[in-house]
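turn this into a model:
(chains A and B)
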Amino acid sequence: MLSFLIRRLNLLLITAFILTIIAFAIDRTILVHHQTQPLVQQDYVLQYFSYLWHIFSADLGHSALDQQPLLQRGLTFFASTLELCFVALLFSCIIAIPLGLLAGLFRNTKLDYAIMTVAIIGLALPVFWVGVMAVLLPSVWGDILPVDGNMSLVYDIPVVTGFLLIDTLFVTPEYGLFAFFDRVAHLILPAAVLSFFLIAEIVRLTRHSMTMVMRSNYIQTAYAKGFSRTKIVFKHALNNALPPIIPQLRLQLSTILSFAMTIEIVFNLNGIGTWLFNSLKTGDYHALPAGMLIITGFILMFSIAIEIIMVIISPIRRGSLYADK
Amino acid sequence: MLINNGFNEDKIQSPLRYIWSIFKSKSIAVVAMWVIVCLILISLFASWLVPHSPLLQDPDKMLLPPYWVDGGSIDHVLGTDDLGRDTLSRLFHGIQYTLGGALLITFFVSIIGMSIGAGAALTKGVKASILHHLLDALLAIPSLLSALILITFFGPSYVNCLLAIALSLLPQFIRASYLAIEQELNKQYIIALQLDGAAKTRLFRYGILPNILEPTTTILNRLFTMAIIEIATLGFLGFGAQLPQTELGSLIANNMELIYLSPWLVAFPGLAIFIIIIIVNVFAEGLRHAVIEGEE
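Residues are numbered from 1 along each chain as shown, chains lettered A, B, ... in the order given. Below you'll find the model as predicted:
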């Protein structure tokens, strides 16, 4: 286990090293292109190490617009993006996994075709356009759900964790549950729009993995033993069909994040997408390397965490603990 | 009844011809293929096909609805925008920018990505390892973010947006083709071919390429879908096609303030993107099934 962890962390370090080089390159290019600070003639290697030192001491510079530290601002915004992704993921898992399992079980039937049609439609709808159409909804159905911003402006929520769902529950008892429900109401529409894509993706993955499992030899053996279909599906197939979806979905994480960023811009949510977009529009280019480091840092950590979890929960993956490669 | 089997020779078709004959029996996919051909023709000859110039303004006919709604005119089949410009013509030119750009991206990214992926899969050691880590790092950057980075450096324009999207989709494609080839390399017939002393190029051309058709159609389809969505997204955010150019995403963005006056102007470009993607997906799915059936 220890050697496995060391190998993973080794990979993480190399990738993080490449990413900091990219961020450094962006930072220097911005300095040269836009001349925000007087250039100090110095060796690039020395400059890189001082940049790295700044990253380690959690200082990515200050915004040129409001003089706020970039890292703290970025992390706060990123927390709200993550909240959106998480709610959408939860939402779409509840809908998509049963659909995908059904499609995989009844392959090449009318039910399968109907579910896959829904999945293709979900993939084909451009996310930002669905967002624009969803912003229109209040004018059609009346003001059921709010479509602007993270929360109503009446609530003043101090930033503790950055995750507003948690902050509204524990930090501000004076609002009771009203602030929490307000936040939930503001999240529903963006999360629903984001889950269009996620549902399509999860249905596809679940169907594929379920089909593969149902074709495998141990399921045939279980049939031959005379087990009932329900018992086979729930006791044997599900355990083996669901775990392979997680690493597949992990590969889609950066796509999901870029869709989430687009949706934030459409719905005017205060997330990292809106932050970067507004910073670029107003010429505060230093937000770019900071945002990049935050997002990619998260994706890296998340990938490693997923891999470790997979090794723990899935016996097939546990082989990689011992293998050399 | 005279049965003369002597002249009824069994023709052994080439695998591609066989796949094509299976594909021809799938009517929906064939329809989708012809629609794609029509769309490509539209995007090639948009300037000659459209009834009006996409930039021609007509102050007498502003914000017309489509002709099947009251107040519409058959002159402007899909209505006009706030300056009296014909929506259909603008849509055709939008398809030219969006579909044409996506096709260009798919073409170049697939050629470059396939050669890099094959090179990485067929070589072992330091080179492959460096590529592996570099790809891991590049894959961690969301495509929208890398497009934003590149556009910050080169300035927003349609060509830069295509370049940025191509560069941001390239790592995904390399990784996907690398995985497909890697899986193929472990098969027995490849090892037999290697034992025969086949060079790397021959191994790739005759051993691997005919056998990775199915994953290739899937990743090409995915590449194309993502390219269209990203071109439209960047256009929508204002980082892609600039104003006189009528890209579908930027059409949506430009007509956002008219959404309550004339929702058609926002609905049609979105529907166009939707239809393009769905048609291509149906076609690719049909092709994939034909390849699978052909291999079995």
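
so stretch A:9-19, near chain B or not?
Yes: using C-beta under 8 Å from any C-beta of the partner chain, stretch A:9-19 reaches chain B at A:11, A:14-15, A:18-19. Glycine gets a C-beta too; all of them are placed from N, C-alpha and C.

CA atoms only: put that stretch into CSV for me.
The C-alpha trace of stretch A:9-19 is given here as CSV (Å, rounded to 0.1, in the frame of the first residue of the first chain):
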residue,chain,number,x,y,z
LEU,A,9,2.2,10.9,-5.2
ASN,A,10,5.3,10.8,-7.4
LEU,A,11,3.0,11.1,-10.5
LEU,A,12,1.1,13.9,-8.7
LEU,A,13,4.3,15.8,-8.1
ILE,A,14,5.5,15.6,-11.7
THR,A,15,2.2,16.7,-13.1
ALA,A,16,2.0,19.5,-10.6
PHE,A,17,5.5,20.6,-11.6
ILE,A,18,4.5,20.8,-15.3
LEU,A,19,1.4,22.7,-14.4
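
quick revisit: just among the residues of stretch A:9-19 next to chain B, which is most surrounded?
Most neighbours among those, by other C-beta atoms under 10 Å in any protein chain shown: residue A:15, with 24 neighbours.

residues touching it, list them.
A:300, B:133, B:136-137, B:140 (C-beta atoms under 8 Å, 6 or more residues apart in numbering or on different chains).

okay, now the unreliable bits of the chain?
Since no chain was named, I'll use chain A. A:34-42, A:142-144, A:154, A:172, A:317, A:319-325 (pLDDT under 70).

other chain: chain B
In chain B (pLDDT under 70), the answer is B:1-11.

need the strands for it, in chain order.
With strands called from DSSP state E, chain B shows none.

contacts for stretch B:44-53, please.
Contacts for stretch B:44-53 (C-beta under 8 Å, 6+ apart): B:42, B:75-77, B:85-86, B:88-89, B:92-93, B:95-96, B:100.

closest to residue A:32 out of those residues?
Nearest to residue A:32 among the contacts of stretch B:44-53, counting by C-beta to C-beta, is residue B:100 at 34.1 Å.

tell me the contacts of the closest residue to that closest one other than its chain neighbours?
Counting by C-beta to C-beta, 6 or more residues apart in numbering or on different chains, residue B:100 lies nearest to residue B:43, which is 4.7 Å off, once chain neighbours are set aside. By C-beta under 8 Å, 6+ apart, the contact list for residue B:43 reads B:95-96, B:99-100, B:103.

help me confirm that residue A:126 comes into contact with residue B:272.
No: the pair residue A:126 / residue B:272 is not scored as a contact, 9.9 Å apart, by C-beta atoms under 8 Å.

so between these two, which is more surrounded?
Legend: neighbour count by other C-beta under 10 Å for residue A:126 and residue B:272, higher for residue A:126 (28 against 22).

ranges for the helices of the chain?
You didn't pick a chain, so chain A it is. Counting by DSSP state H, the segments of chain A that form helices are A:2-34, A:44-56, A:70-105, A:110-124, A:127-141, A:164-170, A:178-215, A:217-224, A:229-231, A:238-241, A:245-251, A:253-267, A:272-282, A:287-313.

oops, wrong one, chain B.
Using DSSP H, helices in chain B cover B:15-24, B:27-44, B:46-49, B:87-122, B:126-139, B:143-154, B:158-185, B:188-195, B:200-202, B:213-237, B:248-254, B:264-295.

who wins for proximity to residue A:219 among the ones you listed?
Judging these by C-beta to C-beta, what sits closest to residue A:219 is helix B:264-295, at 20.7 Å.

returning to that earlier point: what is the nearest of the contacts of residue B:43 to residue B:276?
residue B:99 (5.9 Å).

could you find the closest non-adjacent residue to the closest one?
In space, residue B:99 is closest to residue B:43, 4.7 Å off (C-beta to C-beta, 6+ apart).

now that neighbour: how far from residue B:95?
Distance of residue B:43 to residue B:95, given as C-beta to C-beta, to the nearest Å: 5 Å.

does residue A:267 touch residue A:191 like I think?
No: if you go by C-beta under 8 Å, residue A:267 and residue A:191 don't touch, sitting 10.2 Å apart.

just give me the neighbour total for residue 269.
I went with chain A, as the question did not name one. Residues near residue A:269, counting by other C-beta under 10 Å: 25.

chain B, not that one
31.

look up phi and psi at the closest residue in space to residue A:313 that isn't next to it in sequence.
Leaving aside its sequence neighbours, residue A:313 sits nearest to residue A:243 (C-beta to C-beta, 6+ apart; 6.2 Å). Residue A:243 adopts backbone torsions of phi -60, psi -40, taken as degrees, to the nearest 10.

could the C-alpha coordinates of stretch A:95-109 be exported in PDB?
C-alpha atoms of stretch A:95-109 as PDB (Å, rounded to 0.1, in the frame of the first residue of the first chain):
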ATOM      1  CA  ILE A  95     -32.000   9.900 -12.500                       C
ATOM      2  CA  ALA A  96     -29.300   8.500 -14.800                       C
ATOM      3  CA  ILE A  97     -28.100   5.400 -13.000                       C
ATOM      4  CA  PRO A  98     -31.400   3.500 -12.900                       C
ATOM      5  CA  LEU A  99     -32.100   4.600 -16.600                       C
ATOM      6  CA  GLY A 100     -28.700   3.300 -17.600                       C
ATOM      7  CA  LEU A 101     -29.100   0.000 -15.800                       C
ATOM      8  CA  LEU A 102     -32.500  -0.500 -17.400                       C
ATOM      9  CA  ALA A 103     -31.100   0.300 -20.800                       C
ATOM     10  CA  GLY A 104     -28.200  -2.100 -20.300                       C
ATOM     11  CA  LEU A 105     -30.500  -4.900 -19.000                       C
ATOM     12  CA  PHE A 106     -33.000  -4.600 -21.800                       C
ATOM     13  CA  ARG A 107     -30.500  -4.000 -24.500                       C
ATOM     14  CA  ASN A 108     -31.900  -3.500 -28.100                       C
ATOM     15  CA  THR A 109     -35.500  -3.200 -26.900                       C
END
